[in-house]
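> generate coordinates for the sequence data below:
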Amino acid sequence: MDTADTFHTHRPRLLALAYRLLGSRADAEDVVQDAWLRWHQADQSAIVDPLAWLVTATTRLGIDRLRALRARREHYVGPWLPEPARIEEDDGPAGDVADHAPGPARAAETAEQVSLAFLAVLERLGTEERAAFLLKEAFDYDYAQIAALLGQGEANCRQMVHRARQRLAAARARFEVSPQRHRVLLEKFMHAARGGDRAALESLLHADARLVSDGGGKAVAVIRPLLGGERIARLFWAAYRRQDPAIEWRIGRVNGEPAILRYRGGVLAAVMVAVTDGERITELFTVANPDKLGVTNAAAGASW
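Down below sits the predicted model:
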């Protein structure tokens, strides 16, 4: 197998790793492209394990990119949320915009590990802590491999993964609801929001629910997280009263989890995913920034 074939065999896995690390499809693709350039220029005769070499290069490039991105995100307009990697309608793919990894990475690619909500939770971790956690949890690397890859001591890597697990334990517990139940609650919420049923909205939302909306300054969005089920219900009720007739609501999937897709004039304007305890919705995450949806600014409508 030549160098190009070897790289393209492993590319889906590299892209899956970079996306989990960065939360951005576009940046993940850039990192993998940089890894390809380094691979192409490397002395192939000195590389014993091509996959290990490529994962190491991708992780280190990803860590550097993540540090730079976090500095830029300090000036982002409103909350920053991860960029969807795959958006589907119920009747078929609306856009398959990222490759998926084979082997252990594919097995690990569940709604928990690539959902927008969980990727948002990963933002709480430090840069190398996030990399160590993902390599262990999503890609089943042992601590010796992680230590060699990150240039850290094995004990330190164990501590980073342990610390990350502790910090994420409460958040991960929220993802244990069955996909069927998750979808039912989301459908009920969509019908209530589309019909302006404020009472139904309140009944579906936890009293301490939270709404996070990412418009990036390019689409209408709540500039800060909105707390409280009653306040969130009131927001959607107010939106219904001035509803744009060009807005169409559909149920679909984003990164494999149930989602509400909103179109304006036939163009995707926002995606919304929810976290639920099985009885009520505890969090809503909306991505309306057109740059993250692959649409033009003209398509962005009122989106929460």
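
> just the helices in the stretch 151-300 of the chain please.
With DSSP state H, counting those that start in this stretch applied, the stretch 151-300 of the chain shows helices at 154-173, 179-195, 198-204, 229-241, 290-293, listed in chain order.

> in JSON lines: these, plus distance to Tyr19.
Backbone N, C-alpha and C define where each C-beta goes, glycine included. JSON lines is the format used below for those (distance: least, CB to CB, whole Å):
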{"stretch": "helix 154-173", "distance to Tyr19": "18"}
{"stretch": "helix 179-195", "distance to Tyr19": "21"}
{"stretch": "helix 198-204", "distance to Tyr19": "31"}
{"stretch": "helix 229-241", "distance to Tyr19": "29"}
{"stretch": "helix 290-293", "distance to Tyr19": "13"}
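
> who wins for proximity to Leu61 among these?
Taking CB to CB as the criterion, helix 154-173 is the member of the helices of the stretch 151-300 of the chain that comes nearest to Leu61, at 19.0 Å.

> could I get the average pLDDT for that closest one?
For helix 154-173, mean pLDDT rounds to 86.

> now stretch 58-77
Confidence over stretch 58-77 (mean pLDDT, whole number) is 94.

> restricting to C-alpha, output it in CSV.
Written as CSV, here are the backbone C-alpha positions of stretch 58-77 (Å, rounded to 0.1, in the frame of the first residue of the first chain):
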residue,chain,number,x,y,z
THR,A,58,-3.4,14.7,14.3
THR,A,59,-3.6,14.9,18.0
ARG,A,60,-0.7,17.3,18.4
LEU,A,61,-1.9,19.5,15.5
GLY,A,62,-5.4,19.4,17.0
ILE,A,63,-4.1,20.5,20.4
ASP,A,64,-2.3,23.4,18.8
ARG,A,65,-5.5,24.3,16.8
LEU,A,66,-7.7,24.1,19.9
ARG,A,67,-5.5,26.5,21.9
ALA,A,68,-5.7,29.0,19.1
LEU,A,69,-9.5,28.5,18.7
ARG,A,70,-10.1,29.0,22.4
ALA,A,71,-8.3,32.3,22.3
ARG,A,72,-10.5,33.4,19.3
ARG,A,73,-13.7,32.2,20.9
GLU,A,74,-13.2,34.6,23.8
HIS,A,75,-14.4,37.3,21.3
TYR,A,76,-17.2,35.2,19.8
VAL,A,77,-20.6,36.9,19.8
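
> pull the number of nearby residues for the nearest residue to Gly78 once chain neighbours are set aside.
Across the structure, with CB to CB, 6 or more residues apart in numbering as the measure, the residue nearest Gly78 apart from its sequence neighbours is Ile223 (4.8 Å). Applying other CB atoms under 10 Å, we find 11 other residues in the vicinity of Ile223.

> separation between Ile223 and Ala52?
Spatial separation of Ile223 from Ala52 under the definition CB to CB, to the nearest Å is 44 Å.
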